[in-house]
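In: Coordinates for the following, if possible.
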Amino acid sequence: MRFIDKVKIVLFQPTSFFSHLKKEQGVKTAFKYFAVISFIGTVLGLIISPIYTPFFTFLTKLFGDQIAMPTFGQQIIANLINFILGLGISFVCAGILHLWIKIFGGRVPYAKTYQLFTYSSTPGYLLGWIPVLGLFSVIYNLVLLIIGTQQVHGLSKKKVLLMYLIPLALFLILLAVLAIVGFYIFSKLSSLPVA
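Out: Modelled structure (predicted):
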């Protein structure tokens, strides 16, 4: 199957795609796919990086000269390092996901979970570099992960929803608490007299 056809099926026919994933053997094909979508996301993110210049300008004004804007060369090097590290980390993330799914009754081998992880990451890598759409791509990653886990691991929809939404809810609560504490500390620090 051509790369672009696989992307279309993953994005627009995920149930069909993940139900047929049983035929794919090992991690080689999934790893190649992951490398390509990661590279595409890296290049597109680098192309759009000048849009983030106002953000760095704002941070510099907020914190002074402590935050330097990276040069384009530094951005290329950082993106290349992130790309290479991301390829290796994909195996670790899939391993953590595999253990999590096993806790909830998953019984298929690690290779299937790696495939699930890589293919369900498609929206994030292809669209995550776009401001605002990046958030929606993360949500669609989760949707694909839910659909894929049902199909690949044969778990019930209810179990899969609980398996992913409970940690997500806990993470969002923790994030909200940290934001509130951060704003409180920042407001107290900003009200202190400057010596």
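
In: Tell me which residue is most central in the protein.
Out: Nearest to the mean C-alpha position of the chain, by Cα atoms, centre = their mean, lies G124 at 5.5 Å.

In: Would you mind confirming that that residue makes contact with I139?
Out: No. With contact defined as Cβ atoms under 8 Å, G124 does not count as touching I139 (9.7 Å). For the C-beta atoms, the positions are set from N, CA and C on the backbone; glycine is no exception.

In: related to what we said a few turns ago, need phi/psi at the residue nearest to the centre of the chain.
Out: Torsion angles at G124 (phi, psi; degrees, to the nearest 10) stand at phi -60, psi -40.

In: And L126, by the same measure?
Out: L126 has phi and psi values of phi -90, psi -30 when expressed as degrees, to the nearest 10.

In: going forward, begin numbering at 611 instead of 1
Out: New numbering, starting at 611: the last item is L736.

In: what about V753, distance to A789?
Out: Using Cβ to Cβ, to the nearest Å, we find V753 at a distance of 25 Å from A789.

In: again with G636
Out: Distance from G636 to A789, counting by Cβ to Cβ: 42 Å.

In: domains for the chain, by residue range?
Out: Using automatic domain parsing, the domain parsing of the chain gives 613-765, 766-805.

In: Check which residues of the last one are buried.
Out: Within domain 766-805, the residues that qualify as buried by neighbour count (16 or more other Cβ atoms under 10 Å) are 769-770, 773-774.

In: quick one: which of these is nearest P624?
Out: Proximity of the buried residues of domain 766-805 to P624 (Cβ to Cβ) peaks at V770, which lies at 13.2 Å.

In: now the helices for the chain?
Out: Using DSSP state H, the helices of the chain run over 613-622, 624-629, 638-658, 663-673, 682-713, 720-730, 732-737, 743-763, 767-800.

In: Please identify the most buried of these.
Out: Most buried of those by mean neighbour count (mean count of other Cβ atoms under 10 Å) is helix 720-730; its value is a mean of 23.

In: Could you check how far it is from the centre of its chain?
Out: Offset of helix 720-730 from its chain centre (Cα atoms, centre = their mean, to the nearest Å): 14 Å.

In: Let me have the helices of the chain in a markdown table, extended by mean pLDDT.
Out: A markdown table is the format used below for those (pLDDT from 0 to 100):
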| stretch | mean pLDDT |
| --- | --- |
| helix 613-622 | 95 |
| helix 624-629 | 96 |
| helix 638-658 | 93 |
| helix 663-673 | 70 |
| helix 682-713 | 94 |
| helix 720-730 | 97 |
| helix 732-737 | 93 |
| helix 743-763 | 94 |
| helix 767-800 | 89 |
